[in-house]
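[1] Prediction below, plus the sequence it came from.
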Amino acid sequence: MNSKTNRTAEIKLTVDLDENDLPTRIEWHASEGQTNGPVSCQSMMLSVWDNENQTAAAIDLWIKDTTVDEMNLYFYQVIHKLGDTYLRATKNADMAKSIHEFGDDFGENLGLISRGAQ
């Protein structure tokens, strides 16, 4: 811990793999999370920003029995979460609205939502 850090929090990911290195179980635990132990999840996306190289890196995992319908719903929700996070980080409401509109188009095209006549 450096002298400017008050405390350190940890996020731990555990992934079980089958003989073909496909995920069969994903669990995560945050030291400052709401739960006392690991939480199972079906899929995850972790993105990190490398400021020195100005690039994003990502770890995208889903367990092998995840259905296309589950992934469609997951991506729909992630797109909206991305819009929320973008707004919180940049305060750019117009662009956040565009991200949400894209999410709604995505959801409507997949039959996840119905916006009706506009």
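    Looks like it came in fine. Residues are numbered from 1 along each chain as shown.
[2] and the gap between the residue positioned nearest the centre of the chain and residue 22?
    Nearest to the centroid of the C-alpha atoms of the chain, with distances taken as Cα atoms, centre = their mean, sits residue 45, at 4.4 Å. Relative to residue 22, residue 45 is positioned 17 Å away (Cβ to Cβ, to the nearest Å). (Glycine included, C-beta is placed from N, CA and C.)
[3] For the residue lying closest to residue 74 once chain neighbours are set aside, which residues are in contact?
    Closest residue to residue 74 apart from its sequence neighbours, by Cβ to Cβ, 6 or more residues apart in numbering: residue 43 at 5.7 Å. By Cβ atoms under 8 Å, 6 or more residues apart in numbering, the contact set of residue 43 is 26, 60, 61, 62, 63, 66, 70, 71, 74.
[4] circling back: wait, the residue nearest to the centre of the chain touches residue 59, no?
    Yes - with contacts defined as Cβ atoms under 8 Å, residue 45 counts as touching residue 59 at a distance of 7.5 Å.
[5] which neighbours do those two share?
    In contact with both residue 45 and residue 59: no residue, using Cβ under 8 Å, 6+ apart.
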